[in-house]
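>>> Prediction below, plus the sequence it came from.
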Amino acid sequence: MAAVPTVSRWWRSRTDPQRIELYTRWSYYSALLGLPPLLLFAVAPGWSAAGTVLPVLLLVGTVGTAAACLWVVRALLDARHQPGSPGPDRAQLALLLVPAALTAAAAVAAVDGGPPSPSAPGAVGMLGGAVVLVLSVSWAMRRLTWASAVTGAVAGAVSVAEGNPLVSGVVAGVAIGIALWAVAAAFRFTVWILDVVQEMERTRGVALQLAVAEERLRFARDLHDVMGRNLSAIAVKSQLAAELARRGRDGAADEMDGVGSLAESSLREVREVVRGYRATDLASELAGARSVLRSAGVATTVTGEDDVAAVPAPVQELLGWVVRESVTNVLRHSSAGRCDIGLTTDHEGTTLTVRDDGAGAPATWGNGLTGLSERLTAGGGRLQAGLADGGFVVRAEVPA
């Protein structure tokens, strides 16, 4: 009784593709293991040979054919996991056909001499069917149809040679060919299902890898957007505090307090990014941008702050990232003396414009602007950025 839950746990531990593959394999194995007894039962009613030579040859040939079919079908099923599997080679085809042909000859000889019976064509059909069954692992249905038709024609010819009427031989051949085609189609369909399930499993694996890569990209983008401005502001405030201290002027302590506040804020925001729950508030970003830029000596004007309340929360988050990245670019990549930030909203949507007069502004997009464009595109918006009027202009539009 202890073996039953063990087998049950073993089966449950397998994935669906593994279960289907096991089912497919053992469907082939079971069908081929049943070949020897079925063939002997088919030959027995028409047996007319005397002595022990033919029975021994028939038994050995039947078992040998079944063993060869099992070995080849296992090799073909294993080869399916390799890319570009070509199917059975010449050696495998010879291993299938030679024992089957010799066993069929022994079966025909064993029933030859007696009254006409279906034993000989039945034996030929079973042996040919075993070969067709194995080939269904890798052959297409067109080739399997021809193989079934050839096997049926040989079985019909054997039936006529045994003394059966021509019509009976044709009917027997057609019936055997159709039966083999149906069996081959059923097994080929099972292999096709296995291929589809395994391909879906591989696709699922690729999708998971893409999801991980996308999450890594999101994290890198968020980390860049979060830390870029704060670190730039920390650097500016630290330089300002050092300069004030050298000149003996007041305000160095206040600037260092600001550095500490920014560091604490950065730590908090990084933790929120890691958790994946960080939200950007547009009003806070606009106020922070004005404060940081003015601390860096950049004359800054912000217009449209009163319209922030009318902007939907998802749009505020998108435009907050635009403000953050634009200010980072002003601090790090330009020698701007002035920066104008404008927010407008109407029935068509919301537009945010960040314009500076920095002569050293970048002419090409970096990771930050590329990430912003991806965010806005995902939210239905559009980002434009480039050199204009001796400075750099970033324009973000989000439709209503």
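Looks like it arrived, so ask away. Residues are numbered from 1 along each chain as shown.
>>> What count of nearby residues applies to Leu32?
Applying other C-beta atoms under 10 Å, we find 22 residues neighbouring Leu32. Yep, even glycine has a C-beta here, placed from its N, CA and C like the rest.
>>> Would you state the helices of this protein in chain order?
Per DSSP state H, the chain carries helices over the ranges 3-12, 16-33, 35-43, 53-79, 90-111, 119-135, 141-161, 166-247, 252-275, 282-295, 313-333, 367-378.
>>> Out of those helices, which is the most enclosed?
Sort the helices of the chain by mean neighbour count, taking mean count of other C-beta atoms under 10 Å, and helix 119-135 sits at the top with a mean of 27.
>>> from the chain's centre, how far out does that helix sit?
40 Å (C-alpha atoms, centre = their mean, to the nearest Å).
>>> Gln92: what's it in contact with?
72, 75-76 (C-beta atoms under 8 Å, 6 or more residues apart in numbering).
>>> That one and Val137, how far apart?
Shown here: Gln92 relative to Val137, a distance of 11 Å by C-beta to C-beta, to the nearest Å.
>>> Then Val302?
Taken as C-beta to C-beta, the span from Val302 to Val137 is 71 Å.
>>> so where's the stretch 51-200 of the chain uncertain?
Scanning the stretch 51-200 of the chain with the threshold set as pLDDT under 70 gives 51, 82-86, 112-117.
>>> Surely Ala157 touches Gly173?
Yes - with contact defined as C-beta atoms under 8 Å, Ala157 reaches Gly173; the gap is 7.3 Å.
>>> one step back: and Val302 and Val137? Which one has more around it.
Val137 (25 against 17).
>>> ok, that one touching Val191?
Yes - contact criterion C-beta under 8 Å: Val137 and Val191 qualify, at 5.9 Å.
>>> returning to that earlier point: name the residues contacting each of Gln92 and Val137.
In contact with both Gln92 and Val137: Leu76, using C-beta under 8 Å, 6+ apart.
>>> got the CA positions of stretch 231-239 in CSV?
Provided in CSV are the C-alpha atoms of stretch 231-239 (Å, rounded to 0.1, in the frame of the first residue of the first chain):
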residue,chain,number,x,y,z
LEU,A,231,23.1,62.9,-6.5
SER,A,232,23.5,65.9,-8.8
ALA,A,233,21.9,68.1,-6.3
ILE,A,234,24.1,66.6,-3.5
ALA,A,235,27.2,67.3,-5.6
VAL,A,236,26.1,70.9,-6.2
LYS,A,237,25.2,71.6,-2.6
SER,A,238,28.4,70.0,-1.4
GLN,A,239,30.5,72.2,-3.7
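>>> Just give me how far it sits from the chain centre.
45 Å.
>>> now do stretch 375-389
32 Å.
>>> and that stretch, which residues are buried?
For stretch 375-389, the buried set under the neighbour-count rule, 16 or more other C-beta atoms under 10 Å, comprises 375-376, 381, 383, 385.
>>> give the contact list for the nearest residue in space to Gly152 that is not next to it in sequence.
Nearest non-adjacent residue to Gly152, counting by C-beta to C-beta, 6 or more residues apart in numbering: Gly177, 2.4 Å away. The neighbours of Gly177, taking C-beta under 8 Å, 6+ apart as the test, are 148-149, 151-153, 155.
>>> Thanks a lot, see you next time.
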